[in-house]
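1. coords please:
(2 chains)
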Protein chains: 2
Amino acid sequence: MNNFTFYSPTYFVFGKDQENHAGQYVKRFGGSRALIHYGGGSVVRSGLLARVKASLEKEGISYVELGGAKPNPRSGLVYEGIALCRKENVDFVLAVGGGSAIDSAKAIAAGAVYDGDFWDFYCGKPVEKALPVGTVLTISAAGSEGSPDSVITKEEGMFKRGASGEALRPVFSILNPALTQTLPAYQTACGVTDIMAHLFERYFTNTKDVEVTDRVIEGLLMTMIHEAPKVIKNPDDYQARANIMWAGMLAHNNCCGVGRDQDWASHCIEHELSALYDCAHGAGLAVVFPAWMQYNMNHDVMRFAQLASRVWGCPMDFQHPEITAQQGINALRQFLRSIGMPLTLKEVGGKEEDIPYLAHTAAFGNGNGGTLGGFVVLKEDDIANIYRLAL
Amino acid sequence: MNNFTFYSPTYFVFGKDQENHAGQYVKRFGGSRALIHYGGGSVVRSGLLARVKASLEKEGISYVELGGAKPNPRSGLVYEGIALCRKENVDFVLAVGGGSAIDSAKAIAAGAVYDGDFWDFYCGKPVEKALPVGTVLTISAAGSEGSPDSVITKEEGMFKRGASGEALRPVFSILNPALTQTLPAYQTACGVTDIMAHLFERYFTNTKDVEVTDRVIEGLLMTMIHEAPKVIKNPDDYQARANIMWAGMLAHNNCCGVGRDQDWASHCIEHELSALYDCAHGAGLAVVFPAWMQYNMNHDVMRFAQLASRVWGCPMDFQHPEITAQQGINALRQFLRSIGMPLTLKEVGGKEEDIPYLAHTAAFGNGNGGTLGGFVVLKEDDIANIYRLAL
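-> Just a heads-up that it's a prediction; the model follows:
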């Protein structure tokens, strides 16, 4: 196990109707004038925004609003939010939505107290200061409700980049699984895939002696495998939604990723798909991850066999562990298909002739230095091969 | 799953030599004059205390010292610590040691900023304010390095009671697994048993639909089963110590206990043993927990069968799940014996004739209202029966 630090000071408020207490938590964490930041119209139509506003008013907290955060949230709206915070003397940013609204809110919170261009943080400058951010989560997927990370797309050039820093951890996050019950099955499955991908990115490591984090990751993966089919079948299954929601937070606040090198190539390989074809991030991951596993299985057959045996329940072939390893990858494909996810590049609108461009951009775009990944270091050719395996 | 809140704002610093940075963290979390609180002579003899002091001096942090915290830490030393903090204008309490030193430090930190008797907090008054506490952990066991809890024994009457409150969460905890390498095998095994008991207390619940926390608990239990024999065999196994140390924190900071009712009868039943016979808490738990399981197995055979199958790898008997459930309890007994733990009351000095007293005190002493437990509500007779099962 490697040395590490771990700091997750977010106050999590979990359960039915908890969004009605948002105002109390804004107050508790020092807010008196909030920016409420959200995405599309669903939080308006569902009445959620009105309930959140009412709870702020009840506590005497004034607010301004900024909607419009999109999937793959854009820099333009961030600049708008920063200007609004300054003009209105906002001292707290409250995100209501999924990963996009939260990531956008984090960018606004960092930019509002920074003299330079907020994009500096997305080019490697550590975020040391930000307005406090709170969240009311509506989608189990990104894990941004408990993470110190934010991903924003710069409109000039469509660069998709990440910022990180302890100041970006939400001070509180309200997790009401019932708020996710209105999500369509496809979006739910995309979220499930994203959560599982966050676990796989941590699972595939060359660090030895990491039994504790291996076991927690495996337990969270088994939870997803057990609960996801229930919500696909019955979107109103509150209990299954609740299990997925807490798993999604634990998957990405890094309590199960500490002390081990991580990979993250698949996320970068996927980002090119959602950038070029505008597919959902989770759908892109369903295409990329099994192909990435297939391509890299021989790097550490026993790790893939461990995953297959412990998580998917494949019988261990002690003479030919590669057979067990392969069965695990097959099981993942079958599972993703069963919850309605695509498995091929074509299904997300991808074309074989785009592969050279995709591979080059994945390797060299977005500040990448020509290689991706920590478990196996991939070059442009490897990345192209992985896209081809997914055709 | 029940509604819940979860807040674990401790900054964890994990790995070799990290105690040499204690001063930086005291400074970061606002300390300028510290009380260093520790237990017996081992932290002095090992040179650990000297290293911690040097790191404080390097950062210009002055300090006073108070040693002498014992297993089952006493109120007398807490009063002494509180007086010292006031006299010396201490603004930070740094515990160097295991659960006893940390619990004692927490009591001092709460008492130092409270006008009344600190014991009020151990009679049910919530702890809302305390000096910041930091820890340098030397034993994987109690989980106090990441918990909001403290247990103190009042010398007048030998009442052993707990206090709880967010203000008692350490602001930082330094976890260097190498510091536990000097522990004798017996103490190591007691710590392992305590960690597993913290997991069992959360596992045995009547709350339905708690797959995510079930799976994390099971993963942590499997980690203990995998790693503990290694450190018993080879006390210098840093990697196994590291896995146990992180598992011990996760087992008790409550990330795997949220959203579900918990039990905690076994801890109360054990407290009477360590109070009367002065045995180690972990050793008492090794005696009590298998007996508690045996006594309560029929309350929910399928939960015991799940534990047996998923954690101990017992083959599921679908026609007679009680056979599988029993095999799991047997496996726990064998495991505890294999790491050198006692399994009977006699082995910790217990006598059959004491049972009526033990059962009565467990049920009615320490502020208990005549019953114990949440999974099965136990009365005095039940508690006596459990002690008898452990004879």
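2. who touches the nearest residue to A:Cys85 once chain neighbours are set aside in this structure?
-> In this structure, A:Cys85 finds its nearest non-sequential neighbour in A:Ala112, 3.9 Å apart by CB to CB, 6 or more residues apart in numbering or on different chains. (Glycine included, C-beta is placed from N, CA and C.) When contacts are counted by CB atoms under 8 Å, 6 or more residues apart in numbering or on different chains, A:Ala112 touches A:Gly81, A:Ile82, A:Cys85, A:Arg86, A:Val90, A:Val93, A:Ala130, A:Leu131.
3. measure the last one to A:Ser144 for me?
-> If I follow you right, that is A:Leu131. 16 Å (CB to CB, to the nearest Å).
4. for chain A, name the helix or strand with the lowest mean pLDDT.
-> strand A:159-164 (a mean of 87; mean pLDDT, DSSP states H and E).
5. so what strands line up beside that strand?
-> strand A:149-154 (antiparallel) (DSSP bridges).
6. got the contact list for A:Met224?
-> Contacts here follow CB under 8 Å, 6+ apart; on that basis A:Met224 touches A:Val192, A:Ile195, A:Met196, A:Leu199, A:Ile244, A:Ala247.
7. let's see it at 6 Å
-> A:Val192, A:Met196 (CB atoms under 6 Å, 6 or more residues apart in numbering or on different chains).
8. and what of A:Asn243?
-> For A:Asn243, the contacting residues are A:Thr223, A:Glu227, B:Glu211, B:Val212, by CB under 6 Å, 6+ apart.
9. kindly report the same for A:Ala95.
-> Contacts for A:Ala95 (CB under 6 Å, 6+ apart) come out as A:His37, A:Ala101, A:Ile102, A:Ala105, A:Thr135.
10. do that again at 7 Å, thanks
-> Residues in contact with A:Ala95 (CB atoms under 7 Å, 6 or more residues apart in numbering or on different chains) are A:His37, A:Ala101, A:Ile102, A:Ala105, A:Val133, A:Thr135.
11. got it, and A:Ser46?
-> A:Thr182.
12. can you do 8 Å?
-> Counted by CB under 8 Å, 6+ apart, A:Ser46 has contacts A:Leu179, A:Thr182.
13. now do the closest residue to chain B within the stretch 51-200 of chain A, the pLDDT please.
-> For the stretch 51-200 of chain A and chain B, the shortest gap (CB to the nearest CB) falls at A:Pro177, measuring 8.1 Å. A:Pro177 carries a pLDDT score of 98 in this model.
14. number of nearby residues for it?
-> Neighbour count for A:Pro177, taken as other CB atoms under 10 Å in any protein chain shown: 23.
15. go on, A:Pro356?
-> Residues lying near A:Pro356 (other CB under 10 Å) number 12.
16. can you tell me how far it is from A:Gly349?
-> In terms of CB to CB, A:Pro356 sits 17 Å off from A:Gly349.
17. max-length strand in chain A?
-> Using DSSP state E to define each element, chain A has its longest strand at strand A:4-14.
18. helices or strands next to it in the packing?
-> Under the contact criterion of 3 or more CB pairs under 8 Å, 6 or more residues apart in numbering or on different chains; DSSP states H and E, strand A:4-14 touches strand A:172-175, helix A:238-252, strand B:4-14.
19. mind running it again at 10 Å?
-> Under the contact criterion of 3 or more CB pairs under 10 Å, 6 or more residues apart in numbering or on different chains; DSSP states H and E, strand A:4-14 touches helix A:22-28, strand A:133-137, strand A:172-175, helix A:238-252, strand B:4-14, strand B:172-175, helix B:238-252.
20. where's A:Gly328, which helix or strand?
-> Assigned by DSSP states H and E, A:Gly328 falls within helix A:321-338.
21. how does chain A divide into domains?
-> A:11-179, A:185-389 (automatic domain parsing).
22. count of neighbours near A:Thr361?
-> Neighbours around A:Thr361, by other CB under 10 Å: 20.
23. show me which residues of the host helix or strand of it are buried.
-> Secondary structure from DSSP H and E places A:Thr361 in helix A:355-364. Neighbour counts using 16 or more other CB atoms under 10 Å in any protein chain shown place A:Ile355, A:Leu358, A:Ala359, A:Thr361, A:Ala362, A:Ala363 of helix A:355-364 among the buried residues.
24. what of stretch A:271-289?
-> Neighbour-count burial for stretch A:271-289 [16+ other CB under 10 Å]: A:271-277, A:279-289.
25. then stretch A:214-230?
-> Buried-residue list, stretch A:214-230, by 16+ other CB under 10 Å: A:214-230.
26. next one: stretch A:243-261
-> A:243-260.
27. redo the helices and strands packed on strand A:4-14 as CSV? Include distance to B:Phe118.
-> Output for these, formatted as CSV (distance: least, CB to CB, whole Å):
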stretch, distance to B:Phe118
helix A:22-28, 26
strand A:133-137, 34
strand A:172-175, 30
helix A:238-252, 35
strand B:4-14, 22
strand B:172-175, 22
helix B:238-252, 22
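28. pretty sure A:Met341 sits in a strand.
-> No. Secondary structure of A:Met341 (DSSP: H, G, I helix; E, B strand; the rest coil): coil, not part of a strand.
29. up against chain B, what does the stretch 1-150 of chain A have?
-> Residues of the stretch 1-150 of chain A lying close to chain B (CB under 10 Å from any CB of the partner chain) are A:1-18, A:25, A:146.
30. going through the residues you listed, which ones are buried?
-> Here, 16+ other CB under 10 Å leaves A:1, A:4, A:6-15, A:18, A:25, A:146 buried among these.
31. thought A:Asn330 was touching A:Trp312?
-> Yes. Contact status for A:Asn330 versus A:Trp312: in contact at 8.8 Å, counting by CB atoms under 10 Å.
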